[in-house]
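> Here is the input, now give the coordinates:
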Amino acid sequence: MSEAFDREQDAMIELQLVTRGISDRRVLDAMRAIPRHLFVDPQLEGHAYDDRALPIACEQTISQPYIVAIMTQALELEPGARVLEIGTGSGYQSAVLAAMGAEVFSIERHALLAQSAADRMNLLRRPHVHIRVGDGRLGWPEESPFDRVVITAAADRVPPLLWEQVRNGGLLIAPLGSPQQQTLQRASEARRASRCGDFARMPFRSFSSGGRFHRRFSWRLNPTPTIP
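Next up is the predicted model:
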């Protein structure tokens, strides 16, 4: 990675993550280990470490760095954890999870995004990220149960089949709420939930109560959340 990207990445971690309460050193180290500029369009490389989401193919986005960090911190990962990710997108979140020692099973509905993400995993030598094209509402039952499930798309409820794939003692993270307002929720397999933070609507991907996916949205923090 060039010195310029190194400086921008260091600034991203200190100014966007640490100052907002991301305190898990393993999360910060993982974010530092993954070159975010490899996950954006080459024309946008100069903005890869900006404090915002950026467009990628299929009218989707790569999430704002802080959103990736807070969702990763909320998962409380241990090395070797098996994680189901709904919504691969660029693959950036998948790579960060793998950098923390997780084995990641990621589902993406767009074949183009899935293939691009898989190519990046090969480039970065992340063999513990498994990506397939499919309907995220169905999960990946043949690989279940999972220690953690992370849903990267806003929803008004969690699809029932995903609950069935959370291991006893496991956690599920999802942004839940209306199209105008989502709360990042963390719940145990017993469906006991706690709030991680509130977010106001900006362009992000969501699915309705019927489970239909719509276009991707990003989030804007309402106040700065803390992980309980």
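
> mind listing the strands for the protein?
54-55, 61-62, 82-86, 103-108, 129-133, 146-151, 154-155, 166-177, 181-188, 193-201, 206-207, 219-221 (DSSP state E).

> Could you pull out the buried residues of the top helix by length along the chain?
The residue-count maximum for a helix in the chain (DSSP state H) belongs to helix 111-123. Residues of helix 111-123 classed as buried by neighbour count (16 or more other CB atoms under 10 Å): 113, 114, 116, 117, 118, 120, 121. All C-beta atoms are positioned from the backbone trio N, CA, C, and that covers glycine.

> Now render those residues as a markdown table, adding pLDDT and distance to residue 77.
Listed next are the buried residues of helix 111-123 as a markdown table, based on pLDDT from 0 to 100; distance: CB to CB, whole Å:
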| residue | pLDDT | distance to residue 77 |
| --- | --- | --- |
| 113 | 97 | 23 |
| 114 | 98 | 23 |
| 116 | 98 | 24 |
| 117 | 98 | 19 |
| 118 | 98 | 22 |
| 120 | 98 | 20 |
| 121 | 98 | 18 |
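
> Same list (the residues you listed) but as a markdown table, adding distance to residue 132.
Formatted as a markdown table, these follow (distance: CB to CB, whole Å):
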| residue | distance to residue 132 |
| --- | --- |
| 113 | 12 |
| 114 | 7 |
| 116 | 14 |
| 117 | 11 |
| 118 | 9 |
| 120 | 15 |
| 121 | 12 |
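
> tell me which of the residues you listed is nearest to residue 101?
Proximity of the buried residues of helix 111-123 to residue 101 (CB to CB) peaks at residue 121, which lies at 15.0 Å.

> From residue 186, how far off is residue 176?
Noted for residue 176: a distance of 11 Å to residue 186, by CB to CB, to the nearest Å.

> ugh, typo on my part, it should be residue 4
36 Å.

> who's more crowded, those two?
Each of residue 4 and residue 186 has its neighbours counted (other CB atoms under 10 Å); residue 186 has more, 21 against 12.

> what packs against the longest helix of the chain?
With contacts defined as 3 or more CB pairs under 8 Å, 6 or more residues apart in numbering; DSSP states H and E, the packing partners of helix 111-123 are helix 92-99, strand 103-108, strand 129-133.

> and the angle from the first one to helix 111-123?
Same thing as helix 92-99. Per axes from the mean of the first three to the mean of the last three CA atoms, to 10 degrees, the angle that helix 92-99 makes with helix 111-123 is 30 degrees.

> how much does helix 92-99 deviate in direction from strand 103-108?
Angle of helix 92-99 versus strand 103-108, following the same axes, to 10 degrees, is 170 degrees.

> For helix 92-99, name the packing helices and strands.
Against helix 92-99 (3+ CB pairs under 8 Å, 6+ apart) you get helix 25-33, helix 65-75, strand 82-86, strand 103-108, helix 111-123, strand 129-133.

> switch to 6 Å and redo it
When contacts are defined as 3 or more CB pairs under 6 Å, 6 or more residues apart in numbering; DSSP states H and E, helix 92-99 packs onto helix 25-33, helix 65-75, strand 103-108.
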